[in-house]
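Student: got a predicted structure plus its sequence, pasted below:
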Amino acid sequence: MENRLETGWLLTFYGPLLTSRQQKLLALYCEEDLSLSEIAAREGISRQGVHDAVRKGAHQLESYEALLGLAERYRRLTEGLNEGLDALRDAPGERAQRARKILERLLLEEEE
């Protein structure tokens, strides 16, 4: 629960593997930036219940990432594509332009 951004990022990749309740509570916590008390009031449950569900869900997301590594793979892939684009930006010639277009297309596909 320490890093909402990282948990939110992992939720993007592994959210469907969680229960619908965990998905909802984590989305409110990470994406909507609501406090535990605000979520508890909104959902009609105790603050401790929200805390436990968010902590457990975040731990599961971290476990999935440790096993599968999809988020890290995505980061490395997009970083590599961006580095390639940067290297080709000022390169002259038709081949460089074609390579830039290919890398831009791949980045767009990955972001979708």
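Tutor: Perfect, I can see it now.

Student: show me what the helix or strand bottoming out on mean pLDDT in the chain packs onto, helices and strands only.
Tutor: Every helix and strand of the chain was ranked by mean pLDDT, DSSP states H and E. The lowest is helix 94-111, at a mean of 84. Helix 94-111 sits against helix 70-89, with contacts defined as 3 or more CB pairs under 8 Å, 6 or more residues apart in numbering; DSSP states H and E. Bear in mind the C-beta positions are built from the backbone N, C-alpha and C, glycine included.

Student: which other helices and strands contact the helix it packs on?
Tutor: By 3+ CB pairs under 8 Å, 6+ apart, helix 70-89 packs against helix 4-14, helix 94-111.

Student: quick one: closest of the ones you listed to residue 58.
Tutor: Across these, residue 58 has its closest neighbour in helix 4-14 (4.8 Å, CB to CB).

Student: buried ones in the lengthiest helix in the chain, by neighbour count?
Tutor: Secondary structure of the chain per DSSP state H: the longest helix is helix 47-68. Buried residues in helix 47-68, counted by 16 or more other CB atoms under 10 Å: 50-51, 53-54, 57-58, 60-61, 64-65.

Student: and the most far-flung residue of the chain relative to its centre, how far from residue 83?
Tutor: Distance to the chain centre peaks in the chain at residue 93, reaching 36.4 Å (criterion: CA atoms, centre = their mean). Using CB to CB, to the nearest Å, residue 93 is found at 19 Å from residue 83.

Student: quick one: the least confident helix or strand of the chain to helix 70-89, angle?
Tutor: 160 degrees (axes from the mean of the first three to the mean of the last three CA atoms, to 10 degrees).
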